[in-house]
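In: sequence and predicted structure below; questions after.
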Amino acid sequence: MSRYVERAENMARLAEVGFRIALTPDTSAGHQEDWRSMLTSAGIIDDFLERHGEISQEAALDFLLFDPDNPSSVRSCIRAARTNARTVRTSITRDMWEAMNSTYLAFEAINPATITDARLPAFIDWTRERTSLFRGALLNTLLRRDNYYFSQIGGFVERADNTVRILDVKYYLLLPSNQSVGGDFDTYQWETILRSVSAHRSYRHVFHDQYKPRNVAEFLILRPEMPRSLRFCYDWLDELAGGLCDFYGTSGSAKSKIEDMRGYLKAMKMDAVFQMGLHEFLVDFRARNNALTVAISDDYNFG
Amino acid sequence: MDGYGEGIRAPYAILGPWLADQSTGALKRKQQEADSIFRRLGITFSVYGTENALERLIPFDLVPRIISAAEWRQLERGIEQRVRALNAFLFDIYHRQEIVRAGRVPADLVNCNAAFLPAMIGFAPPKNVYSHIVGVDIVRVGEDEFYVLEDNLRTPSGVSYMLENREAMMHIFPELFARHRIAPVNDYPEILRQTLEAVAPAGCQGDPCLAVLTPGIHNSAYFEHSFLADQMGAELVEGQDLFVADGQLFMRTTQGRQQVDVIYRRIDDTFLDPLTFRPDSLLGVSGLIDLYRAGRVTIVNAPGAGLADDKAIYSYVPDIVEFYTGQKPILKNVPTWRCSEAEDLAYVRDHLAELVVKEVHGSGGYGMLVGPTASKAEIAAFSKKLEADPGNYIAQPTLALSTCPAFTKSGVAPRHVDLRPYVLVSDRIRITPGGLTRVALKKGSLVVNSSQGGGTKDTWILQD
């Protein structure tokens, strides 16, 4: 459930960033390249092209936000989260259920045709408010028992996956060999990357510097204080997995996988990441992050 | 009424018909949406002396002001020339005073000026920049005719409105952005940061520590101070957070002291350091000026920079531009009569009913006479004050300010506007393509100050 809510928020954020870029003066025809990279970040470019053939802003926004046939669209995520919530209704709190259900009802009542460009920003704001509400209800009211731990683990695995995808789409821009720092074009690219994880302001508080590729990569991979960095996700996953083991009084392969990953990220330096190749690092990380989902299913008989 | 006066100018070619298609009801809803965005952001100001009064919003006008790329290029050239000359003037005034020796600016006007700070004599700030953040107030009176109303070289405010007005417009009218090529303004905080870093003390090791010095949460511009600090990732401090020790400036933090290298101060010169200026000031830092003169910390804008935006100096700016750049000024000054000079005074005396007469050191629209709207009794009373101390006054004609369409209670109608672009100066001069447009929302009014019914609007610079 948390995993779907996390994804719904990430998709809404990508739609927001894409839309915002489209408001700046055009560098490619109809901002097609910008939308392509948004859809690639979302991991849905192939599905999109199969369905729409050609990239346009209207189609991209519809696919990201409303298309029920895109399993990652905000609509699909909210539906799936709500279905999950109903299934486990007795093990979530009333606050969580109401936050989830009212979001679902309101979303289903919206006719996508009425979300014109003029109304889109307010609609995306609303979506983010709703996901925050759900998360707040969960943190405030849910007993710290197994369903809490599973829910949160799902959320942070999803978040790490989202951060990796965003980095991987732009990885060639983040290589140290890319020396053209400070140009308008670059600044705009970095800002886009950071905006898509709501980090364009906090970046300056950490680095006291203009956007630089090496810093952006470090911020999103290794910084423990950045709530969307890979390191942060795994710090939390370790806590959560520990809580789960204490609760059940057992340990499993998932716990040790998480510990390995956390230790690996903690010891990692940006130089080593670049030496390995940023893209290779991200691909490897993503595979291990996915393997974690499988390990949890195996450990706790979700199969 | 369509709000355009004598026909739609070219930059409004897309906006005009679009605006005409919008119903008043739809615009009203957008207006409410904008107001709620500003409230949510907290971009409000409190009114002094009204204890329980609500925090207020400066009225925001929905209709953007649009400037073509060609017009902007001309403005940019003019502003750059002017700002360069004014910084050169300040350096000269605090050093050899060549311009005074050359007889182009009277010595008294400089040396007896309240904004002239003897503490700055002989001191050269980093990169010789005095005014790093400049807001030049400009009005348009004809197709290609721009006048500078005043140069704000001390601590010009309002840039947060430039940035947040743009955010709000992108939020409520995204379709208009898709149909125009509008130069973005959002890198202002980044360039401000670069500007501050570029003038860090020469001895500064590593990344300089930047701090915005605010008078505190009760100041009417506090939102802007915190906003800029946040956007730059700089520290926001009050005087009590800072202290001088071991020949350095420090701020108190939860983990002991941290050295500060550059202060972007948003308090007036005389409050900066009670040891050098007003001894009763609680807003500043004791010993700051000594440290500054020793090159251990940079103060932005430099103390004493206000000399060059004094109203009495204003009338000499065209001479100043010529003296330091060797070129004719690109931007015009409003013609100004100096009542200190007999011939000018005689003219002003005879034409009080047509002129605007201002105190030399006044600001904010206080203590001035607006001849065309004043009663006979007001003119008579003012003329007595003028005769008693003519040197304290200057006079200017009332200008035929340009108008822009604005959304008013009775629909879209023309209203008078001015423009404040923001200029950042370090080893180079950078002007953000945009600025703060202030609009006189009362019909026929020429006064754009927010205290007198003025509002703001977004300003679009179109790209070719």
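Out: Nice, I can see it.

In: can you map out the helices along the stretch 251-400 of chain B?
Out: B:288-293, B:311-314, B:317-325, B:342-350, B:376-388 (DSSP state H, counting those that start in this stretch).

In: now distance to chain A, mean neighbour count and mean pLDDT too, for those helices, in a markdown table please.
Out: Any C-beta I mention is one placed from the backbone N, CA and C, and that applies to glycine too. Shown next, in a markdown table, are the helices of the stretch 251-400 of chain B (distance: least, Cβ to the nearest Cβ, whole Å; neighbours: other Cβ atoms under 10 Å in any protein chain shown; pLDDT from 0 to 100):
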| stretch | distance to chain A | mean neighbour count | mean pLDDT |
| --- | --- | --- | --- |
| helix B:288-293 | 22 | 21 | 95 |
| helix B:311-314 | 35 | 22 | 87 |
| helix B:317-325 | 28 | 19 | 96 |
| helix B:342-350 | 48 | 14 | 91 |
| helix B:376-388 | 48 | 13 | 89 |
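
In: can you put the ones you listed in CSV and add distance to B:Gly444?
Out: Conversion of the helices of the stretch 251-400 of chain B to CSV gives the following (distance: least, Cβ to Cβ, whole Å):
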stretch, distance to B:Gly444
helix B:288-293, 47
helix B:311-314, 25
helix B:317-325, 30
helix B:342-350, 24
helix B:376-388, 18
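
In: closest one to A:Asp284 among these?
Out: Smallest distance to A:Asp284 across the helices of the stretch 251-400 of chain B (Cβ to Cβ): 51.8 Å, for helix B:288-293.

In: other SSEs contacting that closest one?
Out: Under the contact criterion of 3 or more Cβ pairs under 8 Å, 6 or more residues apart in numbering or on different chains; DSSP states H and E, helix B:288-293 touches strand B:242-245, strand B:248-253, strand B:298-300.

In: need the per-residue pLDDT for residue 201.
Out: Since no chain was named, I'll use chain A. We have a pLDDT of 84 for A:Arg201.

In: not quite, I wanted chain B
Out: So B:Pro201 comes in at 96 (pLDDT).

In: that one belongs to a strand?
Out: No: per DSSP: H, G, I helix; E, B strand; the rest coil, B:Pro201 lies outside any strand segment and is coil.

In: next one: it from A:Thr131, what distance?
Out: 46 Å (Cβ to Cβ, to the nearest Å).

In: can you name the residue of chain B nearest chain A?
Out: Closest to chain A within chain B is B:Gly233: 2.7 Å, counting by Cβ to the nearest Cβ.

In: only C-alpha atoms, please: export stretch B:381-396 in CSV.
Out: Output of stretch B:381-396 as CSV, limited to C-alpha atoms (Å, rounded to 0.1, in the frame of the first residue of the first chain):
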residue,chain,number,x,y,z
ALA,B,381,1.9,76.3,2.6
PHE,B,382,4.5,74.4,0.7
SER,B,383,5.9,77.5,-1.0
LYS,B,384,6.6,78.9,2.5
LYS,B,385,8.6,75.7,3.4
LEU,B,386,10.4,76.0,0.1
GLU,B,387,11.5,79.6,0.6
ALA,B,388,12.7,78.8,4.1
ASP,B,389,15.2,76.2,2.9
PRO,B,390,15.4,76.0,-0.9
GLY,B,391,18.5,73.8,-0.8
ASN,B,392,16.4,71.0,0.7
TYR,B,393,14.2,70.6,-2.4
ILE,B,394,14.3,69.5,-6.0
ALA,B,395,11.5,69.7,-8.5
GLN,B,396,10.5,67.6,-11.4
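
In: what does that stretch rub up against?
Out: Applying Cβ atoms under 8 Å, 6 or more residues apart in numbering or on different chains, the external contacts of stretch B:381-396 come out as B:311-312, B:314-315, B:334-340, B:344-345, B:348-349, B:351-352, B:355-361, B:369, B:374.

In: restricted to buried residues, select those in PyMOL.
Out: A single PyMOL command selects the buried members of these (16 or more other Cβ atoms under 10 Å in any protein chain shown):
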select buried, chain B and resi 311+312+314+315+334+336+337+338+339+340+344+345+348+352+355+356+357+358+359+360+369+374
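
In: among the contacts of stretch B:381-396, which are in strands?
Out: Counting by DSSP state E, these place B:Trp337, B:Arg338, B:Leu355, B:Val356, B:Val357, B:Lys358, B:Glu359, B:Leu369 in strands.

In: what's the farthest-apart pair in those residues?
Out: B:Arg338 and B:Leu369 (15.9 Å).

In: ok, which stretches of the stretch 51-200 of chain A are helices?
Out: A:57-65, A:74-87, A:94-108, A:120-141, A:146-169, A:171-174, A:184-195.

In: contacting residues around A:Ser251?
Out: Contacts for A:Ser251 (Cβ under 8 Å, 6+ apart) come out as A:Cys245.

In: can you say which of the helices and strands packed on helix B:288-293 is packed in most?
Out: Counting by mean count of other Cβ atoms under 10 Å in any protein chain shown, strand B:298-300 has the highest mean neighbour count of the helices and strands packed on helix B:288-293, with a mean of 26.

In: pairing partners for that strand, with directions?
Out: Under the criterion DSSP bridges, strand B:298-300 sits next to strand B:262-265 (parallel) in its sheet.

In: now the partner strand: mean pLDDT?
Out: The model assigns strand B:262-265 a mean pLDDT of 98.

In: please identify the buried residues of that strand?
Out: B:Val262, B:Ile263, B:Tyr264, B:Arg265.

In: run a quick neighbour tally on the residue in the stretch 101-250 of chain A that chain B sits nearest to.
Out: At 2.7 Å from chain B, A:Arg204 is the closest residue in the stretch 101-250 of chain A, using Cβ to the nearest Cβ. A:Arg204 sits with 22 neighbouring residues when counted by other Cβ atoms under 10 Å in any protein chain shown.

In: coming back round to it: of B:Pro201 and A:Thr131, who's got more company?
Out: Per other Cβ under 10 Å, whichever of B:Pro201 and A:Thr131 has more neighbours is A:Thr131, with 25 against 18.

In: who's in contact with the spatially closest residue to the more buried one that is not a sequence neighbour?
Out: Spatial nearest neighbour of A:Thr131, chain neighbours left out: A:Glu9 (4.1 Å); criterion: Cβ to Cβ, 6 or more residues apart in numbering or on different chains. A:Glu9 makes contacts with A:Thr127, A:Arg128, A:Thr131, as judged by Cβ under 8 Å, 6+ apart.

In: list just the nearest of the residues you listed to B:Phe243.
Out: Using Cβ to Cβ, these come closest to B:Phe243 at A:Arg128, 42.0 Å.

In: surely the closest one is in contact with A:Ala12?
Out: Yes: using Cβ atoms under 8 Å, A:Arg128 is in contact with A:Ala12, at 6.0 Å.

In: please report how far the nearest residue to B:Ile379 once chain neighbours are set aside lies from B:Ala400.
Out: Closest residue to B:Ile379 apart from its sequence neighbours, by Cβ to Cβ, 6+ apart: B:Leu352 at 5.3 Å. Taking Cβ to Cβ as the measure, B:Leu352 falls 19 Å from B:Ala400.

In: cool, and A:Arg79?
Out: 62 Å.

In: between these two, which is the more surrounded one?
Out: For A:Arg79 versus B:Ala400, the count of surrounding residues by other Cβ under 10 Å is larger for A:Arg79: 18 against 13.

In: quick revisit: does the residue nearest to A:Thr131 count as helix, strand or coil?
Out: With three-state DSSP as the basis, A:Glu9 sits in helix.

In: okay, the contacts of A:Glu9 in CSV with pLDDT next?
Out: What follows is the contacts of A:Glu9, written out as CSV (pLDDT from 0 to 100):
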residue, pLDDT
A:Thr127, 95
A:Arg128, 92
A:Thr131, 95
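
In: distance to B:Phe89 for these - can I get that in CSV?
Out: What follows is these, written out as CSV (distance: Cβ to Cβ, whole Å):
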residue, distance to B:Phe89
A:Thr127, 54
A:Arg128, 50
A:Thr131, 56
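
In: sorry, back to before: mean pLDDT lowest where, among the helices of the stretch 51-200 of chain A?
Out: Minimum mean pLDDT among these: helix A:171-174, a mean of 65.

In: no further queries at this time; thank you.
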